[in-house]
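>>> From the sequence below, what's the structure:
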Amino acid sequence: PERTLAGSASIAKFTFVNSLSFTRSDRETMHWLATRNAVVLVPRWRSVSFLLLRPLLTPLPPSTPPPLIRGSEHVCCFKERKFYTKATKRQKQLKVSLEDKDYAHVIWWKEKMQVCRKPSSVVLVKRLMFSNLLGVDATLKNGSLKEGTLNWEILQFKSKFPREVLLCRVGDFYEAIGVDACILVEYAGLNPFGGLRTDSIPRAGCPVVNLRQTLDDLTRNGFSVCIVEEVQGPAQARTRKNRFISGHAHPGSPYVFGLVGDNHDLDFPDPMPVVGISRSAKGYCMVSVLETMKTYSEEDNLTEEALVTKLRTCRCHHLLLHTSLRHNSSGTCRWGEFGEGGLLWGECSSRQFEWFDGEPVKELLYKVKELYGLEDDITFRNVTVAPENRPSPLHLGTATQIGALPTEGIPCLLKVLLPSNCTGLPVMYVRDLLLNPPAYGIASTIQEACKLMSDITCAIPEFTCVPPAKLVKLLESRETNHVEFCKIKSVLDDILQLYSNPEQHKILKLLMDPTWVATGLKVELETLARECKYVSHRIGEIISLDGERDQRITTHTIIPNEFFDDMESSWKGRVKRIHLEEEFAEVDETAKALAVAIEEDFLPIVRRIKAMTSPLGGPKGEILYTREHEAVWFKGKRFAPSVWAGTPGEEQIKQLRPAFDSKGKKVGEEWFTTLKVEDALARYHEAGDKAKAKVLELLRNLSAELQAKINILVFSSTLLVIAKALFGHVSEGRRRKWVFPTLTQCHSSEDKGTLYKAEGMKITGLSPYWFDSAQGGAVKNDVDMKSLFLLTGPNGGGKSSLLRSICAAALLGICGFMVPAEAAIIPHFDSIMLHMKSYDSPADGKSSFQVEMSEIRSIITRATSESLVLIDEICRGTETAKGTCIAGSIIEKLDSINCLGIVSTHLHGIFDLPLKTKNAVFKAMGARLVNNQTVPTWKLMDGICRESLAFETAQREGVPEDLIQRAHDLYISVYGEKSPLKLRHIGYEVKVGEKSGPIEKGRADRFEILRERVEAAVVSVCGEKLGDLRCVLIGAKEQPPPSTIAASSVYVMIRPDKKIYVGETDDLQGRVRAHRLEEGMQNASFIYFLVPGKSMACQLETLLINQLPSRGFRLTNVADGKHRNFGTSDYLELEMLTSRDRLPGSWLGVGVVSLGVERIVVGLLGITGLQQVVTGHKTIAGRIARNWMSRVSALQEGNNSSPVAAREQVMSGGHRETSHLAVVLGRRRWSALDYPQGLLLN
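Below is the predicted model:
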């Protein structure tokens, strides 16, 4: 019996291992029958043998398995197999060895797994075994890596891109295993397949329709993804599908496979380069490589601050650091320990980076090819433009302090350079230009182009902006769809419009050089026009453009329209019909054949059912389209006759058969079809697939053809981005009333070859860039700078604002932009450096003073006679005596360099030092005495200001009075009382040195003081606009005089709680009454002044609301100061409108109230005629119109008169109070206007 069982077990082993490879035909052979019988008999024989032979078996050691099991561990016994699962798995485990190059990748993935935090992903990580690149444990369920399995195939793809998450298409899902599944669960929010079972390998995935979202989640977290697709098409049953790598998704480079067949635009993010940083004797070097564009740029001779600025503005895909950075200028081995390097180390240590060695550019390009799996013969184009006389890039502190980089608390410079509706690529271009100012020639060209744009009188293109990286990737991958081709054609047509128009031709010619600098491509204007014309014409020959109506979707009365929409919308309307005449004819023919088949096989049945009248529960049937199966079938029930009598429709019912899906599964009990319909459907689908394949072939061939024109397309798209940015800047600059500066350059002597410095910088009427013209109130300064300024002034005197304003104006000037001034002469500086407050840097262990000294060192080493250096409150982070001396030596150094600039300070001891300066000039921020208080004027003047107003500043900010008093006492005790000081409050006065507390005064005195302050502030703010300004007081029990009736006025209400309210009105009497009706406002006082027109009143109201809070007043309506657009006319126009007239286009969006012939009419949001209705819109216009309607109706009914007579009576003196109408325009309310009959208020 043992021999019999052993032989049976051998047969079972052979069967278990090899039966999976047999086909169905093999199983019909005698060998398969014999083997199967043996397998079936094995369990019986084994059971009998254990019953008979158990007492006769010789005991074996516990560690030795029974002879039966030892003979073969692959016995196919379904019940007992459970006990030997582990042994079987161990023998089946495939040894997958790691090569030496794979260990670094495994360590990289281990580090990624250690940061997983989600409970589900943590559970999956515990099941990983890093014996292979996938981290798959072959001893677990579904973990086999045997050759020919899906896991083995995935491993082969993974070995090609070991640091990318691999998603493999399996049916209707994209699946990942091992470490990739853990990443999907952690970062893409997916659930693991099979839940959290502990006996299976980690598996996760997403449906096909959610692929884009999953890729976005992964790339947003910094991962690259490799996507493996299945070869689509019919495949034999039980055969392994062929798969291929269809593409990759990287941060900044999305997955585009299959986009050629889509009907939508793909959002394309900004490309993210691979950045390499090295160091040489010239300074730091930064190399940026864009895999999408196949380009690289090299910038050397960078300072540490400039390099950090570039890193802050650049989201890089990979950061590689050269080993030359490990040794700094101090010769120490620890990077950033002493001297320079700490700022860069703090920036890099917060990112993931790798080290590399060798020649920086060559090694970095090799690394890029390795990371992206590129062939060695792929070349990268150098787009670096030689920086001839180009200014140094901005330092990090300069960029953040003027808002070139968004910084909390700093007014953003980018937001004031462009209109709010100008976003995306133009903003990025302006930002890059500010951070990397151009050479003098390019800046002059940009300014000249902007001047022409400012004076142009003809219509301009829309400036279609397409990211150049998007063009390159879609064309190279041959995935450009018809939507993108239409965009490309729009870009080219915009270029041709600029070229053909005489006014715009000059602008286009000027934009060629800035585009060359931005792209590294040198293109002649004539060549650009010729190539654009050719490519545009070529696209127009292939692509079906808007307005072409020769490709309508097929329709038929008995077939649902949704069927043809779904089948044909994926290829019709994309390329011109002339290229698809045969395919169109075949589709039309098969569509007609399908309609005939359905009409012959289904329609008689439907007519038979409709002809039968029966109660509920009778026969039902209809022809329906099933989107899931892409078919048109008959759906019905209880339609078969109980007795076949040869009536119409019976023959068609006999031909029906159940409908089956593509997998041969019955769809349902109610779905039916016929052989004729199925054959017609198949032929129609085949014709549609053929036409779609032809369309995709044409699109891909066009992409391949245009690959030779990629440089022209990149140049054109970049030129339009620059044009849109400059046009937007000119529009916003004109609105803000900015000016173009005069750029000067240091010139050389032909005889001696020496450079002569430009004649300084002169700016007239300089205002802070963050002030808008509508807000007004900005104090304008005149700056005439020929050397270094040593600036002093009180706290809050405007020193920091002046430095920011000068820095921004100078930067805008050397970039070719408009500046916030009345006139300006700006030298083309070789560098602009602004240093303001410093913070400590715990990342590299430096205090705030250390950080300040590090920045000062960088400024001193980089400053030349052509530099602009601005330092605010130097050496404030250390003790006064030594800080004063350090500041003095820095001033001497800058003076000897002979650069332009300003050094502001509160260290007045500098003036007592024996400084060796030749050109430095003392400047101060002015102050004046107002109501016995010293207040700053924010005006730049000559001289020295030793008064800091520190006590007054602390007082204004709410520091307790006793602290301020004690501080002053300490000051007197140490420095002596040089001048009397008074601290003023509303309501009391304290004189320094007295021991008495505050002296209470009367209520009248307090309000008199406040009124005087308010009146002085109003005169100061509005005096420049109106000249001779006379304010009139309205006391608590007083009313406005008659002269205010029908006159525009601006008023300030002084409330009993010492808060103020600013408003404007044309009915001051009514407005005063309305305010005093509010609770607690009965005794409110008013100050008003008359202005010439409503527009001026609105402007001054906004001006006061924005300015008074800065002068210490508390306003209750601060939100009303956001108005910025006002008209220029001081008078309102009254126009006659007859029944045949139409409202002008300028009234669009305006709510109006009109007196119609028969009734009162409200027109809202742009009416084209007098509508005889009254709307219920909740506006003042609607409320007044309804009031008028009720008055007219009441009088008409009471007097039994006509509507015209009733309206006349309403207009009479008895109802004069109702004749005040209103119009709502934007945010402003126009009211209290006497409205004559038959007129409309515009």
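>>> Spell out for me which residue occupies the centre of the chain.
The residue lying closest to the centre of the chain (Cα atoms, centre = their mean) is residue 424, at 7.1 Å.
>>> Is the closest residue to it other than its chain neighbours part of a helix or strand, or is it coil?
Counting by Cβ to Cβ, 6 or more residues apart in numbering, residue 465 is the residue found nearest to residue 424 once chain neighbours are left out, at 6.6 Å. The way it works is simple: take the backbone N, C-alpha and C, and place the C-beta from them, glycine included. When classified by DSSP: H, G, I helix; E, B strand; the rest coil, residue 465 comes out as coil.
>>> What is the neighbour count of residue 465?
Taking other Cβ atoms under 10 Å as the criterion, the count of residues near residue 465 is 21.
>>> Would you confirm that it contacts residue 425?
Yes: judged on Cβ atoms under 8 Å, residue 465 makes contact with residue 425 at a distance of 4.8 Å.
>>> Need the overlap of contacts for the two.
721, 724 (Cβ atoms under 8 Å, 6 or more residues apart in numbering).
>>> residues contacting the closest residue in space to residue 668 that isn't next to it in sequence?
Distances taken as Cβ to Cβ, 6+ apart place residue 659 nearest to residue 668, at 7.7 Å, with adjacent residues excluded. Residue 659 sits next to 629, 631, 633, 666-668, 671-673 when contact means Cβ under 8 Å, 6+ apart.
>>> Could you pick out the buried ones from those residues?
Taking 16 or more other Cβ atoms under 10 Å as the criterion, what is buried in these is 631, 633, 667, 671-673.
>>> Are there helices or strands packed against whichever strand or helix holds residue 712, and which ones?
Secondary structure assigned from DSSP states H and E places residue 712 in helix 710-736. Applying 3 or more Cβ pairs under 8 Å, 6 or more residues apart in numbering; DSSP states H and E, we find helix 710-736 packed against helix 413-417, helix 425-435, helix 440-455, helix 468-476, helix 482-500, helix 512-519, helix 525-542.
>>> can you do 6 Å?
Where contact means 3 or more Cβ pairs under 6 Å, 6 or more residues apart in numbering; DSSP states H and E, helix 710-736 is packed against helix 425-435, helix 440-455, helix 468-476, helix 482-500, helix 512-519.
>>> Averaged pLDDT, the last one. What do you get?
Averaging the model's pLDDT scores along helix 512-519 yields 95.
>>> and that helix with helix 525-542, angle?
On the basis of axes from the mean of the first three to the mean of the last three Cα atoms, to 10 degrees, helix 512-519 is oriented at 70 degrees to helix 525-542.
>>> Also the longest one?
In this structure, helix 482-500 runs at an angle of 140 degrees to helix 525-542, with the same axes, to 10 degrees as the basis.
>>> relative orientation of helix 482-500 and helix 710-736 in degrees?
Orientation check (the same axes, to 10 degrees): helix 482-500 against helix 710-736 gives 70 degrees.
>>> Regarding this protein, what is its longest helix?
With secondary structure taken from DSSP state H, the chain has its longest helix at helix 675-706.
>>> May I see the buried residues of that helix?
By neighbour count on 16+ other Cβ under 10 Å, the buried set for helix 675-706 is 676-678, 680-681, 683-684, 687-688, 690-692, 694-696, 698-699, 702-703, 706.
>>> helices and strands around that helix, which ones?
The contact analysis (3+ Cβ pairs under 6 Å, 6+ apart) places helix 675-706 against helix 581-601.
>>> how does it look with 10 Å?
Applying 3 or more Cβ pairs under 10 Å, 6 or more residues apart in numbering; DSSP states H and E, one finds that helix 675-706 contacts helix 468-476, helix 482-500, helix 525-542, helix 561-568, helix 581-601, strand 631-637, helix 650-655.
>>> next helix or strand past the worst-scoring helix or strand of the chain on mean pLDDT?
Within the chain, no helix or strand scores below strand 988-991, which has a mean of 30 by mean pLDDT, DSSP states H and E. Once the chain leaves strand 988-991, the next helix or strand it forms, by DSSP H and E, is helix 1003-1026.
>>> and the next element down the chain from that following helix?
Note on helix 1003-1026: by DSSP H and E, the next helix or strand toward the C-terminus is strand 1032-1034.
>>> For residue 924, which residues count as its bridge partners?
Beta-bridge partners for residue 924, by DSSP bridges, are residue 792, residue 941.
>>> burial count for residue 1046?
By the measure other Cβ under 10 Å, the count of residues near residue 1046 is 11.
>>> before we move on, what about residue 573?
Residues within reach of residue 573, counting by other Cβ under 10 Å, total 21.
>>> give the contact list for the closest residue to it other than its chain neighbours.
Closest residue to residue 573 apart from its sequence neighbours, by Cβ to Cβ, 6+ apart: residue 551 at 5.0 Å. By Cβ atoms under 10 Å, 6 or more residues apart in numbering, the contact set of residue 551 is 544, 568, 571-577, 580, 584.
>>> While we're on residue 551, how confident is the model there?
Residue 551 is assigned a predicted lDDT (pLDDT) of 87.
>>> now it: how far from residue 545?
Residue 551 is 12 Å from residue 545, where distance means Cβ to Cβ, to the nearest Å.
>>> one step back: show me the one of the helices and strands packed on helix 675-706 that comes nearest residue 864.
Across the helices and strands packed on helix 675-706, residue 864 has its closest neighbour in helix 468-476 (35.3 Å, Cβ to Cβ).
>>> what is the mean pLDDT for the closest one?
For helix 468-476, mean pLDDT rounds to 94.
>>> what does stretch 1035-1050 give?
Averaged across stretch 1035-1050, pLDDT comes to 80.
>>> Distance from it to the middle of the chain?
With Cα atoms, centre = their mean, to the nearest Å as the basis, stretch 1035-1050 stands 51 Å off its chain's centre.
>>> Could you do stretch 108-119 as well?
29 Å.
>>> Can you list the neighbours in contact with that stretch?
So stretch 108-119 is contacted by 121-126, 128, 130, 133-135, 162-163, 165, 178-180, 182-183, 185-187, 189, 196, 223, 352, 354 (Cβ under 10 Å, 6+ apart).
>>> looking at this, residue 205 is in a strand?
Yes: looking at residue 205 with three-state DSSP, it is inside a strand.
>>> correct me, but it touches residue 175?
Yes: look at residue 205 against residue 175 with Cβ atoms under 10 Å: they come within range, at 3.9 Å.
>>> Mutual contacts of these two, please.
Residues within reach of residue 205 and of residue 175 at once, by Cβ under 10 Å, 6+ apart, are 167-169, 181, 184, 193.
>>> Which of these has the largest number of neighbours?
Going by other Cβ under 10 Å, residue 184 tops these with 30 neighbours.
>>> excluding its backbone neighbours, what's nearest that residue?
Once flanking residues are discounted, residue 184 sits nearest to residue 204: 4.3 Å by Cβ to Cβ, 6+ apart.
>>> just the strands in the stretch 301-450 of the chain please.
With DSSP state E, counting those that start in this stretch applied, the stretch 301-450 of the chain shows strands at 318-322, 353-356, 381-382, listed in chain order.
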